[in-house]
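J.: Dropping a prediction and its sequence here:
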Amino acid sequence: MAQLSDDCFAFGGALMSLNEATALIRERVAPVAEPQTVPLHLADGRVLADAIAAPLDLPPFDNSAVDGYAVRFQDLAPAGDTVLPVSGRLAAGRGIEGSPMPKAALRIFTGAPMPPGFDTVFMQEDTREEGGRVVLPSGLKAGANRRPAGEDVAQGAAVLPAGRRLRPQDVALLAALGIAEVPVRRRLRVAVFSTGDEIVSPGEPLGPASLYDSNRFTLLALLSRLSCQVTDLGILPDARDAVAGALREAASGHDLLITSGGVSTGEEDHVKAAVEAAGGLSFWRVAIKPGRPVALGTVAGTPFIGLPGNPVAVFVTFARVARALVAQLSGEAWEPAAPFPVRSDFAYKKKEGRREYVRVRLMRAADGALVASKHPREGAGVITSMTETDGLAELPEGITRVAPGDTLAFLPYAALI
């Protein structure tokens, strides 16, 4: 379980900046400690528990990068073409029989080992073979088309740091180094609830004043992408005691509790009071739009985060707040994605002192620049504003207006998780 006490945060009730909220998470939340070993084919998406050093050179031997002819560079004529006899053939996975002739070329294929003394390879399309001899053009540099042992990684070199969330390219490197089992952090056990008397699960009958619950399924999908072990605990009613009881019960078997809805200040918003009754509340308002009501606290030592009820706000606050908490609990060395610059084609006003995320679609302008267009509907409940856009334009706290032609910081949706 996470090592976190109910009073580990100072809660003053004030609106907290996004940077302050994520800094507190980094400072005060301890990762789940238990490491485990998994087979390589199950390592994608897991967080590396220990640093990995290369057990061998990669590649482990000098080899040819192309199909062609291997030669000793010293055997080439100083000017003009060189004609050498072809004294053997080398395919990948096989060695050459006997000793190569002096001043001779070897037919070689990609990945085949370079015999001792042979240091240069001519691509087959640049040569011409006639009657057992090959014509080699001038101008090739010594060592061309040869991959020396350890060119990629030297034996003993650090290749992957602890805390890396493994990607397919990382798995490829581990496989190339012959590593069959990987030390990783245990998967986080996360309980997910929705709250609200007005919502029902997809597939159930929809009453005249009901809505289908999308938030829970958003969170299940996001957490699954982060290799969490997720428990779907359904929908909690708008009742403080019921919410508090469900949170207490879930706390004992999970590393993190996540809810959506019920964290604002309305008469039917009971999550804040329920967390205070079942544990401790750390903060519950972040200067971010969409998504100001974000409740962070603990229930019996288990971290809790309550996200807003509107679907767009759920996605944004998960990406910008809850993602940091998942990383910290996972022992992941994570940094928020760096935005890249795009050009605005819209005008927009915002309040100073809060960070806003505007849903935009990218287009290519006539001059080749990427241009961001704002979705025409801004409401935090408009799910199509995310399905019909490419990502978020991040507007810092100090900005109060955007004009056409301004440079914006753009975050693609794929980079946010």
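T.: Nice, I can see it. Numbering: from 1, shown residues only.
J.: The stretch 201-350 of the chain: strands as residue ranges?
T.: Assigned by DSSP state E, counting those that start in this stretch, the strands in the stretch 201-350 of the chain fall at 211-212, 229-236, 256-260, 279-285, 288-289, 293-299, 302-307, 340-344, 348-349.
J.: Quick one: distance of the second one to the chain centre.
T.: Yep, that's strand 229-236 we're talking about. 24 Å (CA atoms, centre = their mean, to the nearest Å).
J.: so what does it touch, helix or strand wise?
T.: Using 3 or more CB pairs under 8 Å, 6 or more residues apart in numbering; DSSP states H and E as the contact test, the elements touching strand 229-236 are strand 189-195, helix 215-225, helix 240-251. Placement of C-beta: from N, CA and C, glycine included.
J.: Please work out which of these is packed deepest.
T.: strand 189-195 (a mean of 24; mean count of other CB atoms under 10 Å).
J.: what's that strand in contact with?
T.: For strand 189-195, contacts defined as CB atoms under 8 Å, 6 or more residues apart in numbering pick out 213, 215-216, 219-220, 223, 228-238, 243, 246-247, 250, 253-262, 270-271, 309, 326.
J.: still on that earlier bit, CSV for the helices and strands packed on strand 229-236, including distance to Gly132 and mean pLDDT?
T.: Converted to CSV, the helices and strands packed on strand 229-236 look like this (distance: least, CB to CB, whole Å; pLDDT from 0 to 100):
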stretch, distance to Gly132, mean pLDDT
strand 189-195, 68, 94
helix 215-225, 58, 97
helix 240-251, 77, 87
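J.: mind checking which of these is nearest Val134?
T.: helix 215-225 (53.0 Å; CB to CB).
J.: Among the helices and strands packed on strand 229-236, single out whichever gets nearest to Asn145.
T.: helix 215-225 (40.6 Å).
J.: Which strands and helices lie in contact with that closest one?
T.: Partner elements for helix 215-225 (3+ CB pairs under 8 Å, 6+ apart): strand 189-195, strand 229-236, strand 256-260, helix 311-317.
J.: What average pLDDT does the shortest one get?
T.: Right, strand 256-260. The pLDDT scores in strand 256-260 average 94.
J.: what angle separates that strand from strand 189-195?
T.: 20 degrees (axes from the mean of the first three to the mean of the last three CA atoms, to 10 degrees).
J.: mind listing what strand 256-260 pairs with, with the direction of each?
T.: Strand pairing for strand 256-260, determined by DSSP bridges: strand 189-195 (parallel), strand 302-307 (parallel).
J.: Any chance of CSV for these, columns distance to Met123?
T.: Listed next are the strands paired with strand 256-260 as CSV, based on distance: least, CB to CB, whole Å:
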stretch, distance to Met123
strand 189-195, 53
strand 302-307, 57
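J.: List just the one of those that sits closest to Thr82.
T.: Taking these one by one with CB to CB, strand 189-195 is closest: 66.1 Å.
J.: So what's the gap between that closest one and the chain middle?
T.: Going by CA atoms, centre = their mean, where strand 189-195 is centred and where its chain is centred differ by 22 Å.
J.: Check stretch 281-300 too.
T.: For stretch 281-300, the distance to the chain centre is 24 Å (CA atoms, centre = their mean).
J.: Of the helices and strands packed on strand 229-236, which is nearest Pro376?
T.: Using CB to CB, these put helix 215-225 closest to Pro376, at 22.2 Å.
J.: Give me the contact list for the closest one.
T.: Defining contact as CB under 8 Å, 6+ apart, one finds that helix 215-225 is touched by 45, 190, 192-194, 201-202, 230, 232, 234-235, 258, 260-261, 307, 309, 311, 314-315, 318, 326, 417.
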